[in-house]
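Q: Give the three-dimensional model of this entry:
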Amino acid sequence: MVATAQAVTGGGVGLSLLDRSRTRAGEPDADALTGTVERAVRAERLGYDRFFVAEHHGVPGVAGASPAVLLAAIAGRTTSIRLGSAGVMLPHHQPLVVAEQFAMLSAFAPGRVDLGLGRSPGFTAPVRRALREHETDFAADLAELRAYLAGTAEITARPRPAAPVPMTVLATRRGLAVAAALGLPVIVGGPLLGVGGDPAPGLAALARYRDEYRPSAEHPEPAVAVSLDVLVAGTAARAQELLLPEAWAMAQARTTGTFPPLEPLDAVRAHPRTQTQERYVAETTAAAIAGTPAEVADRLGDLLDRTGAGELVASSSTFDRRALAESDAALAELFGRQSVAGSAAASSAPSGA
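A: Below you'll find the model as predicted:
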C-alpha cells in the first residue's frame with residue numbers, strides 16, 4: 001500500500017460530513033432536524049470543511065425532505081463552514097426553482113454554499129406519483145441550472161447569487177460520464193468505491209471520468225470526493241456495534257420496502273433476522289469503515305490512495321448521538337483539524353443511547 005495514515009493526517013484532503021437527518025425510534029421527526037443543525041454547529045467547531053444535507057421524501061427513517069430549508073437553518077447558526085446539498089434530486093424539481101433556492105441561500109451565506117445534484121427517483125411508487133416524476137434529461141437539466149446560476153440563461157434568476165454557487169454531481173457510472181462532459185466535480189460512494197468488495201470496476205469508472213473530463217471555466221480540473229459511512233470508537237468492537245442500527249435499517253428497507261427510524265442497539269440485537277437480512281447487515285457493515293483511530297486512518301489512507309480523491313464525505317449515522325459526536329471529533333482529529341472548542345464540541349451532544 002502506497003498511502004498510509006499520513007495521507008489522512010497530512011495529505012491536504014478535504015473533510016466533510018453528510019447528515020441525512022435520520023429519525024430515531026421514540027423521537028418526533030423534529031428532533032432529527034434539530035440534531036442535524038446541532039451537528040453542523042459542532043462540525044464547524046471541529047474544523048470540518050463542509051457540511052452536507054440530503055433530500056428524501058416519504059421515508060420514515062429520514063426527516064430531511066428539503067435541503068434548501070434545512071441549509072437556511074444551519075446558515076443561521078454557523079459562520080464559516082461551507083454548506084451543501086448531497087443532494088438535490090433534479091427529477092423532482094424545475095432547474096429554475098433550484099437555482100432560485102440556492103441563490104437565496106447564497107445571499108444568507110455568501111461564499112459558503114455548494115449545490116450537489118443527483119437524479120435518484122422517489123423511494124416508492126406512491127412517492128414518485130406524489131412528486132409528479134417524469135423522464136428528464138439529467139445533462140440538459142444540469143446545463144440549464146448552471147446557466148441560471150451564471151446569469152447566462154434566457155431569463156435571469158433572482159436573486160442573483162451573492163457569490164458563485166459551485167455545482168457537484170452525485171455520480172453513478174452514468175453520472176460520471178455526464179459530469180465529465182460538463183466539467184463538473186463528483187461525489188461517489190457505494191459500489192463505485194469497492195469497500196468490502198471488488199474495487200476494480202469503480203476505479204475503472206473513475207479513470208474514464210478523469211480521461212474524458214472536459215475542463216470548464218469553474219472547474220478546469222476533475223475533482224473526486226468519496227462518501228461512505230465512517231465511525232471511529234475506542235475499540236474495533238464498539239465501532240462495529242455503532243454500525244448495527246443503520247445496517248439493520250438498510251436490511252429492513254431491502255426486505256420490507258420500508259426504511260425505518262434508527263433503533264437502540266439492544267432493540268436491534270433483539271430482532272429476529274432472516275438469512276437474507278443477515279446477509280444485508282453484513283454487506284452494509286462491510287461497505288463502511290469503522291474501528292479505532294489507527295484502523296480507520298489506515299483504511300482511509302488506502303481508499304484515498306486508490307481513488308485519488310481530494311475529499312472525504314463521511315455519511316455516518318447511529319442511534320447514539322453522543323457516540324456519533326465523539327466519532328465526528330475523532331475523525332476530525334485524524335485529519336489534523338484544529339477544534340475551536342476542544343473536547344466541548346463532542347461532550348455537548350445529548351446522549352441517545
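Q: In CSV, please show the C-alpha coordinates belonging to the longest helix anywhere in the chain.
A: Longest helix of the chain, by residue count under DSSP state H: helix 236-256. Taking C-alpha atoms only, helix 236-256 is exported to CSV below (Å, rounded to 0.1, in the frame of the first residue of the first chain):
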residue,chain,number,x,y,z
ALA,A,236,-13.0,-2.1,16.9
ALA,A,237,-15.8,-4.0,18.6
ARG,A,238,-17.5,-0.8,19.7
ALA,A,239,-17.2,0.8,16.3
GLN,A,240,-18.8,-2.3,14.7
GLU,A,241,-21.7,-2.0,17.3
LEU,A,242,-22.3,1.6,16.2
LEU,A,243,-22.8,0.4,12.6
LEU,A,244,-25.6,-2.0,13.5
PRO,A,245,-28.6,0.4,13.8
GLU,A,246,-28.0,1.7,10.3
ALA,A,247,-27.2,-1.7,8.9
TRP,A,248,-30.4,-3.2,10.4
ALA,A,249,-32.5,-0.3,8.9
MET,A,250,-30.9,-0.9,5.5
ALA,A,251,-31.7,-4.7,5.8
GLN,A,252,-35.3,-3.9,6.6
ALA,A,253,-35.5,-1.5,3.7
ARG,A,254,-34.3,-4.1,1.3
THR,A,255,-36.6,-6.8,2.5
THR,A,256,-39.7,-5.0,3.6
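Q: just the helices in this protein please.
A: Ranges of helices within the chain are 6-9, 29-46, 67-75, 95-108, 125-130, 138-150, 173-182, 200-212, 236-256, 265-270, 275-286, 293-307, 321-334, 344-347, based on DSSP H.
Q: Can you point out the buried residues in the fifth one?
A: So the one you mean is helix 125-130. Buried residues in helix 125-130, counted by 16 or more other Cβ atoms under 10 Å: Val127, Arg128. Yep, even glycine has a C-beta here, placed from its N, CA and C like the rest.
Q: pLDDT of it, averaged?
A: The average pLDDT within helix 125-130 is 80.
Q: do the same with the last one
A: Throughout helix 344-347, pLDDT has a mean value of 42.
Q: before we move on, the earlier item: what's the spacing between the longest helix of the chain and its chain's center?
A: Remark: helix 236-256 is offset 18 Å from the chain centroid, using Cα atoms, centre = their mean, to the nearest Å.
Q: What of stretch 150-163?
A: That offset, for stretch 150-163, works out to 27 Å (Cα atoms, centre = their mean).
Q: same thing with stretch 106-122?
A: With Cα atoms, centre = their mean, you get 12 Å for stretch 106-122.
Q: quick revisit: so which of the helices of the chain gets nearest Thr23?
A: Closest of the helices of the chain to Thr23 is helix 29-46, at 4.7 Å (criterion: Cβ to Cβ).
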